[in-house]
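1. One predicted model, sequence on top.
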Amino acid sequence: MTKGTKPGQFSPVSLEALELIANAKKDPRLLLAYLGLARHTTMRDLDGRGPNMLTGAGAEKVRVLTGCGTPMATGIVNALAGMGLIKKPAAGLPRNQALWAMHHQGTVNIPHALIDGGIGNADGIGRLLKEGATDEVVVCAVMLLINCYAVHDLEMFGGVDHQQIWRHWNHMVSPEGEGFRVTAEPINDTAQAKFISKIVGSMGGKVDENGNSDVFWKAFKLLKGTGLFYEVVTSISVDGERTPIRVNDFHAVGSDSSLLEAAPGLGVGFYVHKDNDRSEPEGCWFYLPSDPEKVVGIWRLRYRCATPETARGVALDWSKVDDAIAAMCAKGVLYSG
């Protein structure tokens, strides 16, 4: 992880400012530049406008983040200033904390590791510029990602709000002793038409007559392919209780709890590609102590903010998996030995 970046640390960014950039300029480098400046805002209120309104970052941060030269990075910063999104701060403030003043108050918390990169030399959001996608797709991907951060809550949703965007799974249930055997397979990635329209509209685009958008799903595929979010296959009961069944993460292993990982020796279930193979088709079966209402793929963001909600969400996952295993052992569905 980049020197000076601590896991879980975060800063707020203005979604309104990002929408202005996406709509007016449609240049992903300006979006990443603004995110880089927001990441380095200070929590100290040095000019009476509140915390996180002054940043010590400038063209050098933009150069590193976007991979461009110093003259181009300077031009990008000047372009943000020309849009009125940043301005020179009041005289006499320390330059390492107040190189630029932000015009908009941040509204969405963004983890520093998303901007700086992860463990080793792993790129953060800058990896989106290296995949050969068009500027339009990258702009859409950035806007989709930040909007996902706005509705990401591990405690409430288990990840990104699965009423907004999710992977649809079909499932069937058969009684197995005092429990249930669930067989499931994925059908397609799905999103609410209003959510798609919000993302595409933020960059001046429109959805088609079916409320869909090719650029939206290209952006989604880019985020998924670069590992900035991943799927947690989840069973949801009638009363809304969630149990994570399988973590489909092709970039890291073991960081999230799931039923199939926690009880592999108990015969709790089977996933077609047990080693997180990307191949198709996919499918799985697993036991549960009660009949689920649905099985859904919930998208979870790789870089997360260290908040109480995140901590409670992680603990909730582990407890739900433990509870399910204990209940099935008690009912004789599983045998722990």
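-> Yes, it's here.

2. secondary structure element for Ser235?
-> Following DSSP states H and E, one finds Ser235 within strand 229-236.

3. Sheet partners, orientation included, of the helix or strand that that strand is followed by?
-> Toward the C-terminus, strand 229-236 is succeeded by strand 242-248 as the next helix or strand (DSSP H and E). Sheet pairing of strand 242-248 (DSSP bridges) gives strand 229-236 (antiparallel).

4. average pLDDT across the strand it pairs with?
-> Looking at strand 229-236 alone, the average pLDDT works out to 96.

5. Over to stretch 33-49?
-> 97.

6. now swap in stretch 323-333 and tell me
-> For stretch 323-333, the mean confidence score works out to 90.

7. which residues sit against it?
-> 176-179, 243, 259, 262-263, 266, 268, 287-290, 334-336 (C-beta atoms under 8 Å, 6 or more residues apart in numbering). The way it works is simple: take the backbone N, C-alpha and C, and place the C-beta from them, glycine included.

8. Which ones among those residues lie within strands?
-> Among the contacts of stretch 323-333, the members falling in strands (DSSP state E) are Glu176, Gly179, Thr243, Tyr287, Leu288.

9. circling back: among the contacts of stretch 323-333, which ones are buried?
-> With neighbours counted by 16 or more other C-beta atoms under 10 Å, the contacts of stretch 323-333 contain buried members at Gly179, Thr243, Leu259, Ala262, Ala263, Leu266, Val268, Tyr287, Leu288, Pro289, Ser290, Leu334.

10. Model confidence for the fourth one, exactly?
-> Predicted confidence (pLDDT) for Ala262: 89.

11. Check the spacing between it and Ala326 real quick.
-> 11 Å (C-beta to C-beta, to the nearest Å).

12. repeat for the first one
-> As defined by C-beta to C-beta, Gly179 lies at a distance of 12 Å from Ala326.

13. Next: the third one.
-> When distance is defined by C-beta to C-beta, Leu259 is 12 Å away from Ala326.

14. Can you tell me the centre-most residue of this structure?
-> In the chain, the C-alpha nearest the mean C-alpha coordinate belongs to Leu301, at 2.7 Å (C-alpha atoms, centre = their mean).

15. For it, give me its contacts.
-> Counting by C-beta under 8 Å, 6+ apart, Leu301 touches Leu145, Cys148, Tyr149, His152, Gly159, Val160, Leu228, Phe229.
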